[in-house]
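Q: Here's a sequence, model it:
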Amino acid sequence: MPYEKAQKTLQTAGTALLNWWRAITLDALCVGLLWLIGLLALHIPLAPLWALLGGLLQFIPNFGAVLALLGPVFTVLFSGHDMYRLGLVLGLYALIMMIDGFLLQPLLLKRTARVPFWAALLGPIVLGILIPFWGILLAPPLLAIFFAFRNKSET
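A: The predicted structure follows:
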């Protein structure tokens with residue numbers, strides 16, 4: 001009997017993590033597409049490469065987006081473009097991060113992992129305050145697991 005309960009618990013947690021991974025993968029694809037559209041519109045050299053890296057680095061919570069910005073910024077700086085274009089790249093980064101943080105991630109987590117919109121927005125903030133570094137990194141998968149068990153107990 002305890003073995004069956006442990007197996008069901010692990011299965012619920014595993015399914016929640018798989019759903020979270022699906023949400024993050026869709027998020028990375030969307031962010032990569034946003035980078036591609038924005039960088040092509042700004043005529044940044046190597047735009048497809050930077051967009052691909054932007055999408056792949058999205059798998060690193062919170063820090064991947066900053067790392068994705070480095071390529072386009074250095075390309076603009078070293079290609080002799082003016083500071084206006086650098087400002088546009090930084091503005092594109094801010095726009096993508098706002099769309100991702102306030103719209104894409106909460107909607108995708110709600111849709112795939114059944115995490116409520118409010119929890120996806122507030123969870124990283126609260127856990128970031130309680131556990132400064134690790135809380136921000138672990139908030140999305142922990143929320144997916146928590147709400148998987150919560151939704152399971154309600155049915």
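Q: Please report phi then psi for Pro61.
A: Torsion angles at Pro61 (phi, psi; degrees, to the nearest 10) stand at phi -60, psi 130.
Q: Can you tell me the SS state at the residue lying closest to it once chain neighbours are set aside?
A: Nearest non-adjacent residue to Pro61, counting by Cβ to Cβ, 6 or more residues apart in numbering: Leu137, 5.0 Å away. Just so you know, the C-beta spots here come from the backbone N, C-alpha and C atoms, and that holds for glycine as well. Three-state assignment for Leu137 (DSSP: H, G, I helix; E, B strand; the rest coil): helix.
Q: Ok, Asn62 next?
A: Asn62 is classified as coil under three-state DSSP.
Q: any idea of the pLDDT on it?
A: Asn62 is assigned a pLDDT of 74 by the prediction.
Q: in terms of contact, does it touch Leu138 like I think?
A: No. Contact between Asn62 and Leu138 fails when scored by Cβ atoms under 8 Å: they sit 11.1 Å apart.
Q: Let me see the residues that make contact with stretch 89-99.
A: 31, 34-35, 38-39, 42, 44, 54, 65, 69, 72-73, 76 (Cβ atoms under 8 Å, 6 or more residues apart in numbering).
Q: ok, of those, which one's closest to Leu17?
A: Using Cβ to Cβ, Val31 is the member of these that sits closest to Leu17, with 20.5 Å.
Q: Next secondary structure after whichever helix in the chain runs longest?
A: The longest helix of the chain (DSSP state H) is helix 2-41. Sequence-wise, the next helix or strand downstream of helix 2-41 (DSSP states H and E) is helix 47-56.
Q: Going by neighbour count, list what's buried in that following helix.
A: Ala47, Trp50, Ala51, Leu52, Leu53, Gly54, Gly55 (16 or more other Cβ atoms under 10 Å).
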